[in-house]
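**Student:** Please find the sequence and the predicted model below.
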Amino acid sequence: MFNILEFRYVLRILLAGVCGIVIGIERKNRSKEAGVRTHFIVACGAALLMVISKYAFFDMTMDTSIYVADVRLDPSRVASTIASGIGFLGAGMIFVHKNTITGLTTAAGIWATSGVGMAIGAGMYTIGTGTTFIILIAQLLLHVNFSRAKKSKLKKLIVKGVLETGYQNYIMDEFDKRKIYVQDVSVSFTEGDEGRSYVFALNMPLSVNEEEIITLAKYNSSIKSSV
């Protein structure tokens with residue numbers, strides 16, 4: 001049977017999910033591996049486990065057939081398990097390629113998002129929502145400050161509908177001429193006769209204009225921030 005009082009806990013999980021979405025939108029706008037859905041699920045899952053940890057075992061202490069002295073409840077055990085378990089999820093988002101490490105900020109954000117979910121699941125609404133906006137504001141402000149200080153910019157170039165052979169060699173040569181460092185390249189074939197799709201992770205000098213890169217790509221292309 002449904003317990004009306006348990007709907008309070010469902011609202012906690014929903015609120016945690018909303019906080020996860022807020023953090024995830026910022027990551028998605030920077031074309032990161034973990035976006036809105038990942039942060040939403042992590043926050044909801046952490047809140048759910050925290051609610052279970054705090055409230056799921058009250059029936060054991062109220063059951064007269066069980067000696068209370070034999071029942072030891074420690075809600076912090078589940079919380080510590082969440083904090084360590086999320087580390088494995090975050091580790092899968094960290095990539096090392098040619099001495100360049102990417103994904104650390106996203107992994108840290110996933111870990112922090114689980115903390116937001118745990119706080120709201122525990123009923124600490126002010127702390128959970130407050131931390132959400134602290135993380136979001138820090139991501140935005142620190143990104144702007146560090147971007148201005150850097151001598152290069154990280155971009156993700158997406159090129160679709162490539163039909164000609166040798167396109168990758170051509171574009172790589174053009175990147176070299178402009179001193180653009182290619183961190184990673186991925187290629188996929190689209191359905192039908194629409195050609196190939198390329199995704200280039202670029203480290204570009206600040207002097208290089210994004211519009212120039214789009215023109216250079218020739219095909220249906222777009223460029224996004226990869227920081």
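**Tutor:** Cool, got the structure.

**Student:** how about the helices of the chain, start to end?
**Tutor:** Counting by DSSP state H, the chain has helices at residues 7-29, 36-55, 58-62, 75-91, 104-121, 125-149, 167-177, 210-217.

**Student:** now for the last one, which elements pack on it?
**Tutor:** The contact analysis (3 or more CB pairs under 8 Å, 6 or more residues apart in numbering; DSSP states H and E) places helix 210-217 against strand 152-162, helix 167-177, strand 220-225. Yep, even glycine has a C-beta here, placed from its N, CA and C like the rest.

**Student:** Looking at the helices of the chain, which is nearest to residue 155?
**Tutor:** helix 210-217 (6.9 Å; CB to CB).

**Student:** what's residue 208 sitting at in phi/psi?
**Tutor:** phi -80, psi 130 (degrees, to the nearest 10).

**Student:** right, and it touches residue 178 too?
**Tutor:** Yes - using CB atoms under 8 Å, residue 208 is in contact with residue 178, at 5.6 Å.

**Student:** which one of those two has more residues nearby?
**Tutor:** residue 208 (18 against 14; other CB atoms under 10 Å).

**Student:** ok, that one - contacts?
**Tutor:** By CB atoms under 8 Å, 6 or more residues apart in numbering, the contact set of residue 208 is 178, 179, 180.

**Student:** about what we covered before: which stretch in the helices of the chain has the least confidence?
**Tutor:** Note on the helices of the chain: lowest mean pLDDT is at helix 58-62, with a mean of 60.

**Student:** quick one on the thing from earlier: which of the contacts of residue 208 sits closest to residue 83?
**Tutor:** residue 180 (39.8 Å).

**Student:** Let me know whether that closest one touches residue 202 as I believe.
**Tutor:** Yes - between residue 180 and residue 202 there is a contact under CB under 8 Å: 5.5 Å.

**Student:** where do the contact lists of those two overlap?
**Tutor:** Once CB under 8 Å, 6+ apart is applied, the residues that residue 180 and residue 202 both contact turn out to be residue 213.

**Student:** rewinding a little: of the helices and strands packed on helix 210-217, flag the one that's most buried.
**Tutor:** Of the helices and strands packed on helix 210-217, the one with the most neighbours on average (mean count of other CB atoms under 10 Å) is strand 152-162, at a mean of 19.
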